[in-house]
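Enquirer: Would you be able to build a 3D model of this:
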Amino acid sequence: MMTIVFLVEEPSAQDALEGLLPRILSKDVDIRFLVFEGKQDLEKRMGRRMRGWLKPETAFVVLRDQDSGDCRLIKERLASLCREAGREDAVVRIACRTLEAWFVGDWDSVGTAFEQPRLANLKRKAMYQDPDRLSNPVTELRKVIPDYQKRDGARRIGRLLDPARNSSRSFRLFVETVRRLAGPQ
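Expert: Numbers count the residues shown, from 1 in each chain. Modelled structure (predicted):
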């Protein structure tokens, strides 16, 4: 059985992926998470955690928010840490700017998750056509859902995200990568 280990910087990323991954991967893929307490903790401890992983037939995916950093530099740094850990084949994916851009890229799912179907109309707004360019997607979510909380939102929305309609390029690339890693399904 193939195992894919997702190294994520915070629990809300795990929450979102727990809803998404079972819908895009076959049941033959064993999904595991290594959850860290922020970006710095991820970078500090990921190498040790990867080196300590002994199960064969395991692929690693590192997922980190871009925030205000340079995407290429972040990806290079994380890939370097993977190589140092002996995991040259690990895949690094960056959520541009934050994981919440993936949610803003699918207003239909946000509307369904929060029982506000009219939110689906926001997908027509020009500013949401490329959610990876938004400086703060959480702020955009809080404009329409004032009590939005990251973990609750991730749990609700993650299970509904639709790669076919999502306008976030970083989300679609993440999904394509994970499907490719898992092999034919």
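
Enquirer: Break this protein down into its structural domains.
Expert: For the chain, automatic domain parsing gives the domain ranges 2-97+168-182, 100-158.

Enquirer: contact partners of stretch 145-157?
Expert: Under the criterion Cβ atoms under 8 Å, 6 or more residues apart in numbering, residues 10-13, 15-16, 18-19, 99-100, 103, 106, 109-110, 113-114, 116, 138, 141-142 lie in contact with stretch 145-157. For every residue, glycine as well, the C-beta is placed using N, CA and C.

Enquirer: Flag every buried residue along that stretch.
Expert: Going by neighbour count (16 or more other Cβ atoms under 10 Å), the buried part of stretch 145-157 is 145, 148, 150, 153-157.

Enquirer: now the strands for this structure?
Expert: 2-8, 29-35, 58-65, 91-95 (DSSP state E).

Enquirer: Now L181: closest residue in space, sequence neighbours ignored.
Expert: Distances taken as Cβ to Cβ, 6 or more residues apart in numbering put A59 closest to L181, at 4.7 Å, once the chain neighbours are dropped.

Enquirer: what's the pLDDT at the one you found?
Expert: pLDDT, A59: 97.

Enquirer: ok, now P163?
Expert: With respect to pLDDT, P163 has a value of 96.

Enquirer: who's in contact with it?
Expert: 24, 171-172, 175.

Enquirer: Please check the residues you listed and keep the buried ones.
Expert: Counted by 16+ other Cβ under 10 Å, these give 24, 171, 175 as buried.

Enquirer: Would you reformat the contacts of P163 as JSON lines and include pLDDT and distance to S80?
Expert: Output for the contacts of P163, formatted as JSON lines (pLDDT from 0 to 100; distance: Cβ to Cβ, whole Å):
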{"residue": "I24", "pLDDT": "96", "distance to S80": "28"}
{"residue": "F171", "pLDDT": "98", "distance to S80": "25"}
{"residue": "R172", "pLDDT": "98", "distance to S80": "25"}
{"residue": "V175", "pLDDT": "98", "distance to S80": "25"}
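
Enquirer: nearest to G86, of those residues?
Expert: Of all these, V175 has the smallest distance to G86: 27.0 Å, by Cβ to Cβ.

Enquirer: Save the buried residues of stretch 145-157 as a markdown table, and put in pLDDT too.
Expert: Listed next are the buried residues of stretch 145-157 as a markdown table, based on pLDDT from 0 to 100:
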| residue | pLDDT |
| --- | --- |
| I145 | 98 |
| Y148 | 98 |
| K150 | 97 |
| G153 | 98 |
| A154 | 98 |
| R155 | 98 |
| R156 | 98 |
| I157 | 98 |
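
Enquirer: Fine by me, we can end here.
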